[in-house]
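Asker: Here is my input, please return the structure:
(chains A and B)
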Amino acid sequence: DAKTTQPNSMESNEEEPVHLPCNHSTISGTDYIHWYRQLPSQGPEYVIHGLTSNVNNRMASLAIAEDRKSSTLILHRATLRDAAVYYCILRVDQGAQKLVFGQGTRLTINP
Amino acid sequence: EPEVTQTPSHQVTQMGQEVILRCVPISNHLYFYWYRQILGQKVEFLVSFYNNEISEKSEIFDDQFSVERPDGSNFTLKIRSTKLEDSAMYFCASSDPGLNEKLFFGSGTQLSVL
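Answerer: Numbering: from 1, shown residues only, chains lettered A, B, ... in the order given. I've put the predicted structure just below:
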């Protein structure tokens, strides 16, 4: 499985934007970039995914570098509820493909 | 939004006992998964299941583990003879083949082996 690298932790303030980086220099052409998050004492939760183009949904935006070797998850206006561990995962969208979780980035939001 | 339901939320058992963890995936989903997370560690893949058979399993998923879809709604994980190191949060997940990019996870069953 292609590997991703994320900072162990990040901190931000409430109502400010947050940019969570992810490096995936060994990404292959069929790998989609997925982001999940895990709130305290809960199961992982899908956030967003993309292949080449930037993506937006109601939760976040995903900015993908032109060479696809890195990406950034953007939370436009963080709330206290966004405090979680954020995982950047590469996955081929074919069949029952597993997600391989790394350590992720623990995001702390200050009030 | 539909959700994956897991029962029980907590289970305590004695070492060597059998446990069955239960999951009700989202109704139109066809891909099913079990993951586990030991306290303070990464979420680890155990097994994926499709069309009534295992698609893939990890090294953790040895002969002590089995999965079953006994009817049209439940998906179970059985641990035949529990060990202390099986203590973990176990998450069930499911996905829709039409929207396979998104896995939906349950809230987990906390298994404590004494």
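
Asker: Can you tell me which residue sits nearest the middle of the chain?
Answerer: Since you didn't name a chain, this refers to chain A. Central residue of chain A (CA atoms, centre = their mean): A:Trp35, 3.4 Å from the mean position.

Asker: you looked at the wrong chain, it should be chain B
Answerer: Note: chain B centre (CA atoms, centre = their mean) maps to B:Trp34, 3.2 Å.

Asker: Now for that residue, which secondary structure element holds it?
Answerer: strand B:31-37 (DSSP states H and E).

Asker: Pairing partners for the helix or strand following that strand, with directions?
Answerer: Moving toward the C-terminus from strand B:31-37, the next helix or strand (DSSP H and E) is strand B:43-50. Sheet pairing of strand B:43-50 (DSSP bridges) gives strand B:31-37 (antiparallel), strand B:53-57 (antiparallel).

Asker: how about the residues of chain A that lie near chain B?
Answerer: A:32, A:34, A:36, A:38, A:42-46, A:49, A:87, A:91, A:93-103 (CB under 8 Å from any CB of the partner chain). Where C-beta positions appear, they are placed from N, C-alpha and C, glycine not excepted.

Asker: Show me those that map onto helices.
Answerer: Counted as lying in helices by DSSP state H, out of these, is not a single one.

Asker: Report the buried members of these.
Answerer: A:32, A:34, A:36, A:38, A:43-46, A:49, A:87, A:91, A:93, A:96-103 (16 or more other CB atoms under 10 Å in any protein chain shown).

Asker: Find me the pLDDT at the residue nearest to the centre of chain A, would you?
Answerer: At A:Trp35, the predicted lDDT confidence score is 96.

Asker: and what of A:Gln94?
Answerer: Looking at A:Gln94, its pLDDT stands at 71.

Asker: Kindly report the same for the one 4 residues further on.
Answerer: Here, the pLDDT recorded for A:Lys98 equals 85.

Asker: List the contacts of it.
Answerer: By CB atoms under 8 Å, 6 or more residues apart in numbering or on different chains, the contact set of A:Lys98 is A:91, B:33, B:45, B:48, B:56.

Asker: do that again at 10 Å, thanks
Answerer: Going by CB atoms under 10 Å, 6 or more residues apart in numbering or on different chains, A:Lys98 touches A:1, A:89, A:91, B:33, B:35, B:45-48, B:55-58, B:93, B:103.

Asker: Restrict these to the buried ones and give me that as a PyMOL selection.
Answerer: Buried residues within the contacts of A:Lys98, by 16+ other CB under 10 Å, are selected in PyMOL with:
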select buried, (chain A and resi 89+91) or (chain B and resi 33+35+45+46+47+48+55+56+57+58+93+103)
